[in-house]
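Engineer: Quick one, structure for this:
(one chain, ligands or ions: 1)
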Amino acid sequence: MSSIVALETSDIRFPTSLSLDGSDAMNPDPDYSAAYVIVRSDAGDGISGHSFVFTIGRGNDVQVAAIDALAGHLVGRELEPLLADMGGTFREIVGDSQLRWLGPEKGVMHMAIGAVINALWDIKAKRAGLPLWQLLARMSPEEIVDLVDFRYLTNVLTREDALEILRAAVPGRAEREAALMESGYPGYTTSPGWLGYSDEKLERLAREAMAAGFTQIKLKVGADLDDDIRRFRRAREVCGPDFPIAIDANQRWEVSEAIEWVTALAEFHPAWVEEPTSPDDVLGHAEIARAVAPIRVATGEHAQNRMIFKQLLQANAISVMQIDAVRVAGVNENIANLLLAAKFTVPVCPHAGGVGLCEAVQHLSMFDFVAVSGSRDGRMIEYVDHLHEHFVVPTEIRNGSYAPPVAPGAGMEMKPASIAEFTWRGRHAAA
Ligand SMILES: [Mg+2]
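Structural biologist: Below is the predicted model:
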């Protein structure tokens, strides 16, 4: 037996606002940040659990404080029982009745729980000598459903439903794992489309994205309609009539405004419209989806828990579901989200980018392909080409696809030198 001896946190902020990387209609000057946590034990095996919550600058200290508030659940506890029953560990921490008041199951506290849950998964995967996706994909259907909290889902998805989905995917697991190792998981890129970029930069990056083998690009929209029409036209000219180009409004619009704006851009055939309005407005998304069909509505990077995803699916509000590795309470809740998507046969195209989100979320899509939905059709993981160099196991893109990570762990471990250099001291080192 070993015990958890420390939960170390760091407030890490990259000065991305200086280059307008990541700029969109709602977030004009993000500083990509990580409320970072390391779970240390006295096992003497050299293994520690690394994870983070992604934020975009101010407030990262609040997120760090929320993670610190969970120390009492972990420090001093024996590690092995926690790892052996990750479903129980999840329910225990989410169920803290006093901390739960801060949500329930949403926002800063919920994301903090996600960070410590993911850090424990990192330890579990490293101890197993497997990348997280493979550890999950090799569990039995019964073990997988034990990870999921079906509370508030059972009117739509029961444990039995989930078992049925997972058992149906068992026969092809080995072939799909081999296919993944062979050809990876499709990616698409948002790199050309940031609002702060010039038209010339957009065109150059769109050309590069196609040449690199990506299956889609995405443009940020929603600040100015004339600009959006001009930028979308230029992207279409570069990419041709058939190449998928999605648009992302980052919650900018009223429901009626979203319908008008998307209708005005319909001639350029958007592959989907992402986050047209408030992420909490399930019925608003449904109204937009009905009005702009056949253009598909996508959302989820700010969906705060599995109950929101359940409702989005129930209401036919989304045709593309975008999970995020660090918005909900970690791997466990995202498995619930993947099962919900499978139940509704809606493709999952995860949100990524930021800092470390590609590294983290690829494990969930690869697990989904091997053991849940059994499909890569119409599915792709967002990719943004920055800040990967700070990770111990950086994302590897081959011909526009994510190459499956083979290193043990959950993929969220940052290099010590990067943690030291970008730890926030009240100002940017580069400013
Ligand atoms: Mg987005």
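Engineer: Run through the strands of this protein in chain order.
Structural biologist: Ranges of strands in the chain, per DSSP state E, are 4-13, 33-41, 49-55, 185-193, 217-220, 245-248, 270-274, 297-299, 320-321, 381-383, 397-398, 401-402.
Engineer: Give me the average confidence score over the fourth one.
Structural biologist: Which is strand 185-193. On average, the pLDDT along strand 185-193 is 92.
Engineer: try the fifth one
Structural biologist: For strand 217-220, the per-residue pLDDT values average out at 96.
Engineer: what helices or strands is it leaning on?
Structural biologist: strand 185-193, helix 199-211, helix 225-239, strand 245-248 (3 or more CB pairs under 8 Å, 6 or more residues apart in numbering; DSSP states H and E). Heads up, the C-betas are built off the backbone N, CA and C, glycines and all.
Engineer: Once you drop chain neighbours, what's closest to the residue of the stretch 101-250 of the chain found nearest the ion?
Structural biologist: Nearest to the ion in the stretch 101-250 of the chain, going by CB to the ion, is residue 248, at a distance of 4.4 Å. Nearest residue to residue 248, sequence neighbours excluded (CB to CB, 6 or more residues apart in numbering): residue 274, at 3.9 Å.
Engineer: Check residue 310 too.
Structural biologist: residue 156 (5.4 Å).
Engineer: Mind pulling up the pLDDT for that neighbour?
Structural biologist: Residue 156 is assigned 98 on the pLDDT scale.
Engineer: Would you confirm that residue 197 contacts residue 19?
Structural biologist: No: counting by CB atoms under 8 Å, residue 197 stays clear of residue 19, with 9.8 Å between them.
Engineer: distance of residue 252 from the ion?
Structural biologist: From residue 252 over to the ion the distance is 11 Å, taken as CB to the ion, to the nearest Å.
Engineer: and that residue, how many neighbours does it have?
Structural biologist: Burial of residue 252 is recorded as 19 neighbouring residues (other CB atoms under 10 Å).
Engineer: Isn't it up against residue 222?
Structural biologist: Yes: counting by CB under 8 Å, residue 252 touches residue 222, with 3.5 Å between them.
Engineer: got any residues that touch both of those two?
Structural biologist: 25-26 (CB atoms under 8 Å, 6 or more residues apart in numbering).
Engineer: Find the residue closest to residue 270 in space, skipping its chain neighbours.
Structural biologist: In space, residue 270 is closest to residue 247, 4.7 Å off (CB to CB, 6+ apart).
Engineer: check contacts around that neighbour.
Structural biologist: Here residue 247 is in contact with 218-221, 228, 232, 262, 265, 270, 272-274 (criterion: CB under 8 Å, 6+ apart).
Engineer: circling back to that earlier point, just want to know which of residue 197 and residue 19 has more residues nearby.
Structural biologist: residue 197 (21 against 13).
Engineer: ok, that one to residue 324 distance?
Structural biologist: 23 Å (CB to CB, to the nearest Å).
Engineer: How about the residues of this structure by the ion?
Structural biologist: Within the chain, the residues that sit near the ion (CB under 5 Å from the ion) are 248, 274.
Engineer: Got the domain ranges for the chain?
Structural biologist: Using automatic domain parsing, the domain ranges for the chain come out as 4-129, 168-417.
Engineer: thinking in terms of the whole chain, how far from its middle is the longest one?
Structural biologist: Relative to the mean C-alpha coordinate of its chain, domain 168-417 is positioned 9 Å out (CA atoms, centre = their mean, to the nearest Å).
Engineer: How far does that domain stretch from one end to the other?
Structural biologist: 45 Å (CA to CA, to the nearest Å).
Engineer: returning to that earlier point: for residue 174, find the nearest of the strands of the chain.
Structural biologist: Taking CB to CB, strand 185-193 is the member of the strands of the chain nearest to residue 174, at 16.9 Å.
Engineer: Just the buried residues of stretch 73-91, please?
Structural biologist: 73-74, 79, 82-83, 86-87, 89-90 (16 or more other CB atoms under 10 Å).
Engineer: Narrow these to those in helices?
Structural biologist: Among the buried residues of stretch 73-91, the members falling in helices (DSSP state H) are 73-74, 79, 82-83, 86-87, 89-90.
Engineer: thinking again about what came up before, tell me who's in contact with the residue of the stretch 101-250 of the chain closest to the ion.
Structural biologist: Residue 248 neighbours (CB under 8 Å, 6+ apart): 24, 190, 193, 218-221, 273-275.
Engineer: Can you tell me who it pairs with across the strands?
Structural biologist: residue 220, residue 274 (DSSP bridges).
Engineer: what stretches of the stretch 201-350 of the chain score poorly on pLDDT?
Structural biologist: Counting by pLDDT under 70, the stretch 201-350 of the chain has no low-confidence residues at all.
Engineer: okay, stretch 272-291 in CSV with CA atoms only?
Structural biologist: Provided in CSV are the C-alpha atoms of stretch 272-291 (Å, rounded to 0.1, in the frame of the first residue of the first chain):
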residue,chain,number,x,y,z
TRP,A,272,-21.4,22.9,-38.9
VAL,A,273,-22.1,26.0,-36.8
GLU,A,274,-20.5,25.7,-33.4
GLU,A,275,-21.6,27.3,-30.1
PRO,A,276,-24.1,29.7,-31.8
THR,A,277,-25.5,30.9,-28.4
SER,A,278,-25.3,30.3,-24.7
PRO,A,279,-24.1,26.8,-23.9
ASP,A,280,-26.9,26.5,-21.3
ASP,A,281,-29.6,27.3,-23.7
VAL,A,282,-30.6,23.8,-24.8
LEU,A,283,-33.9,24.8,-26.3
GLY,A,284,-32.3,27.8,-28.1
HIS,A,285,-29.9,25.4,-29.7
ALA,A,286,-32.8,23.2,-30.8
GLU,A,287,-34.6,26.2,-32.3
ILE,A,288,-31.4,27.2,-34.2
ALA,A,289,-30.9,23.6,-35.4
ARG,A,290,-34.4,23.4,-36.8
ALA,A,291,-34.1,26.8,-38.5
